[in-house]
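Asker: Mind looking at a prediction? Sequence and model below.
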Amino acid sequence: MPTRESTPSRFVPRTRKVRILATLGPASETPEMIRALAEAGADAFRLNMSHGDHDGHKRRIEAIRALESELDRPTTILVDLQGPKLRVGRFENGKAEIRKGQIFQFDRDPAPGDDTRVELPHKEIFEALQPGTRLLVDDGKLVFRVAEITPDKIEAYVEVGGTISNNKGLNVPDVVLPLAALTEKDRRDLSFALDQNVDWIALSFVQRPEDVAEARRLIGGKAALLVKIEKPQAVARLNEILELADACMVARGDLGVEMRPEQVPPFQKKIVETARQMGKPVVVATQMLESMITSPSPTRAEVSDVATAVYDGADAIMLSAESASGDWPIEAVTIMNRIGTEVEADPSHHARVHFTETPADPTTNDAIAEAAGAMVNVVNAAGIVCFTASGSTARRVARERPTVPLLVLTPSLRTARRMGLLWGAHAVRTRDVANFEEMVGKSKRMALRHGLVSGGQRIIITAGVPFGTPGSTNVLHIVRLVGDELERYHRETNGD
């Protein structure tokens, strides 16, 4: 991707600060549709490795990178690994009717099941269960309570009965299962994703910090790591897990299966709050505009759900089937964009976002970031310009949730691409600066070029001296763009 400074960006910067992560799939995989989603408001794209093959995902990645080059704007790609999928076996008639109160058996016998038993082809589950443990089948539609266990057989009471059919999913919410978060399929998918230079890897089935450490070891710094918080065990060790991750996702679908539905909202609040306090981007996902899979407009409840995530200060909100396989993918992104824009225009939005306190760590970097956020209103600045190599300074500034745009200038294309999940960030890849005067000049020029400021307005600049040294943020500077600078910039860009 070019680092030109002579041509203004062909993509208008977002004024909306919350990011939109759109999943690609059969309804949105063509270059034309990917472009339409970006123009409608998508800031980042998710590829779900539970569906499709490597050839199809490679075509999508190539289309996104081609669009990135055309728009001269770093674009974010997240690959979501499938993780272990626990399923029951098959039934003699394809399904069976299970009655409440009966005893039902899960065993290691591969023979087709009936209304008294079915195969459970996961020996690890037999090792972890205890009497009283719940087994949830088909997203919790059927509920079983373990009565007796042997190495090859589980007898369970049926607490909630119904129809059970072939290969339905199984959840075990009450125990930590001795299963790695990465299957052999995940390892192949991870290798593919890293070969394609994607920006983020999303890790499923996280139960403990060791799962994150293993994934980080395999990634080897080639991509950023997002952990999906979708199991109660992960919530219980949230701080430990986030310490090892670069970002997290509130995966409400599986959370809603493994815990009572009324528990999900407070857990969502806790996850968002904890991630923000730790300065880690947080994505709220699953069923945000679910009705738009088949309808051109959302329900009022869905709109309120999306708005709540924005008021809570989530970095990003995600579309799943709505954009991947729904009938109205562009409309779903458009509506989500409108909701985010409208909520952020609410005069109470800033105060609500700051209900969550984000105290700074006792470091120079955090002190600079906190001061930049506080000074915006004091000096009536129009924007913050952040020079960064790794992106850590940008994350610290974004944690303060400033009221103005954050222009992230970095010489690293990898860093610029990862900014698509960071609240309020508009990333630009550009050559690094060598001295203080060049820093000021470039800040003014880039802020004008990308439409963040106009003549007479102030900007706040954060950077590190010596320049080009990662992790050395120690400069906070305020400059005003005077009218003749704006006129000179327009003459230069118009060839006068």
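Answerer: Alright, I've got the coordinates. Numbers count the residues shown, from 1 in each chain.
Asker: In the chain, where is pLDDT below threshold?
Answerer: Filtered on pLDDT under 70, the chain yields the residue ranges 1-13, 468, 471, 483-496.
Asker: So for it, the centremost residue is which one?
Answerer: residue 283 (4.0 Å; C-alpha atoms, centre = their mean).
Asker: Just name whatever secondary elements whatever helix or strand that one lives in is in contact with.
Answerer: Secondary-structure assignment from DSSP states H and E places residue 283 in strand 282-285. If you count contacts as 3 or more C-beta pairs under 8 Å, 6 or more residues apart in numbering; DSSP states H and E, strand 282-285 packs onto strand 247-251, helix 252-258, helix 264-277, strand 316-319. Yep, even glycine has a C-beta here, placed from its N, CA and C like the rest.
Asker: Break this protein down into its structural domains.
Answerer: What automatic domain parsing lists as the domains of the chain is 19-83+181-348, 95-171, 364-493.
Asker: Would you tell me which of these gets closest to residue 357?
Answerer: Minimum separation from residue 357 across the domains of the chain (C-beta to C-beta) falls at domain 19-83+181-348, 7.4 Å.
Asker: Give me the secondary structure label for the closest residue to residue 477 other than its chain neighbours.
Answerer: Of all residues not flanking residue 477 in the chain, residue 461 sits nearest, at 4.5 Å (C-beta to C-beta, 6 or more residues apart in numbering). Secondary structure, DSSP: H, G, I helix; E, B strand; the rest coil: residue 461 is strand.
Asker: which secondary structure element contains residue 55?
Answerer: Applying DSSP H and E as the criterion places residue 55 in helix 54-71.
Asker: That helix: how far from the chain's middle?
Answerer: 19 Å (C-alpha atoms, centre = their mean, to the nearest Å).
Asker: what about the helices in the stretch 51-200 of the chain?
Answerer: Listed in chain order, the helices of the stretch 51-200 of the chain (DSSP state H, counting those that start in this stretch) span 54-71, 123-128, 184-195.
Asker: now those in CSV, with mean neighbour count and distance to residue 452?
Answerer: Converted to CSV, those look like this (neighbours: other C-beta atoms under 10 Å; distance: least, C-beta to C-beta, whole Å):
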stretch, mean neighbour count, distance to residue 452
helix 54-71, 16, 17
helix 123-128, 15, 53
helix 184-195, 16, 33
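Asker: any chance of those helices in a markdown table, plus distance to residue 322?
Answerer: Listed next are those as a markdown table, based on distance: least, C-beta to C-beta, whole Å:
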| stretch | distance to residue 322 |
| --- | --- |
| helix 54-71 | 17 |
| helix 123-128 | 33 |
| helix 184-195 | 23 |
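Asker: follow-up on the earlier one: could I get the domains of the chain as CSV with distance to residue 89?
Answerer: Formatted as CSV, the domains of the chain follow (distance: least, C-beta to C-beta, whole Å):
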stretch, distance to residue 89
domain 19-83+181-348, 18
domain 95-171, 3
domain 364-493, 39
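Asker: Please report how far the residue nearest to the centre of the chain lies from residue 125.
Answerer: Using C-beta to C-beta, to the nearest Å, residue 283 is found at 29 Å from residue 125.
Asker: Out of the helices of the stretch 51-200 of the chain, the one nearest residue 412 is which?
Answerer: Smallest distance to residue 412 across those (C-beta to C-beta): 14.8 Å, for helix 54-71.
Asker: could you say what helices and strands the closest one packs with?
Answerer: Contact here means 3+ C-beta pairs under 8 Å, 6+ apart; on that basis helix 54-71 packs against helix 31-40, strand 44-48, strand 76-80, helix 184-195.
Asker: out of these, which comes closest to residue 267?
Answerer: Closest approach to residue 267 among those is made by strand 76-80 (20.3 Å; C-beta to C-beta).
Asker: and that closest one, which strands flank it?
Answerer: The pairing partners recorded for strand 76-80 under DSSP bridges are strand 44-48 (parallel), strand 200-203 (parallel).
Asker: got the contact list for the last one?
Answerer: Under the criterion C-beta atoms under 8 Å, 6 or more residues apart in numbering, residues 44, 46, 76-81, 83, 181-182, 190, 193-194, 211-212, 215, 219, 223-228, 245-247, 249, 418, 421 lie in contact with strand 200-203.
Asker: now these: which count as buried?
Answerer: Neighbour-count burial (16 or more other C-beta atoms under 10 Å) applied to those gives 44, 46, 76-81, 83, 181-182, 190, 193-194, 211-212, 215, 219, 223-228, 245-247, 249, 418, 421.
Asker: So what's the residue count around the nearest residue to residue 337 once chain neighbours are set aside?
Answerer: Once flanking residues are discounted, residue 337 sits nearest to residue 41: 3.1 Å by C-beta to C-beta, 6+ apart. Neighbours of residue 41 under the rule other C-beta atoms under 10 Å: 21.
Asker: Against residue 144, how distant is residue 41?
Answerer: On the measure of C-beta to C-beta, residue 41 and residue 144 end up 43 Å apart.
Asker: cool, and residue 48?
Answerer: Note on residue 48: its distance to residue 144, by C-beta to C-beta, is 29 Å.
Asker: So the two - more neighbours on which side?
Answerer: More neighbours surround residue 144 than the other of residue 48 and residue 144, with 24 against 19 (other C-beta under 10 Å).
Asker: does that one have beta-bridge partners, and which?
Answerer: Using DSSP bridges, the bridge partners assigned to residue 144 are residue 135, residue 158.
Asker: List the residues that contact it.
Answerer: The neighbourhood of residue 144, defined by C-beta under 8 Å, 6+ apart, consists of 104, 106, 134, 135, 136, 137, 156, 157, 158, 159.
Asker: Now with 6 Å, please.
Answerer: 135, 156, 158 (C-beta atoms under 6 Å, 6 or more residues apart in numbering).
Asker: Neighbours of the first one, how many?
Answerer: Spelled out, that is residue 135. A count of neighbours around residue 135, defined by other C-beta under 10 Å, yields 24.
Asker: Pull the residues that contact stretch 330-341.
Answerer: Under the contact criterion C-beta under 6 Å, 6+ apart, stretch 330-341 has outside partners 16, 18, 20, 22, 36-37, 40-42, 289, 292, 296, 298, 303, 306-307, 310, 319, 322-323.
Asker: Narrow these to those in helices?
Answerer: Within those, residues falling in helices by DSSP state H are 36, 37, 40, 303, 306, 307, 310, 322, 323.
Asker: Thanks a lot, see you next time.
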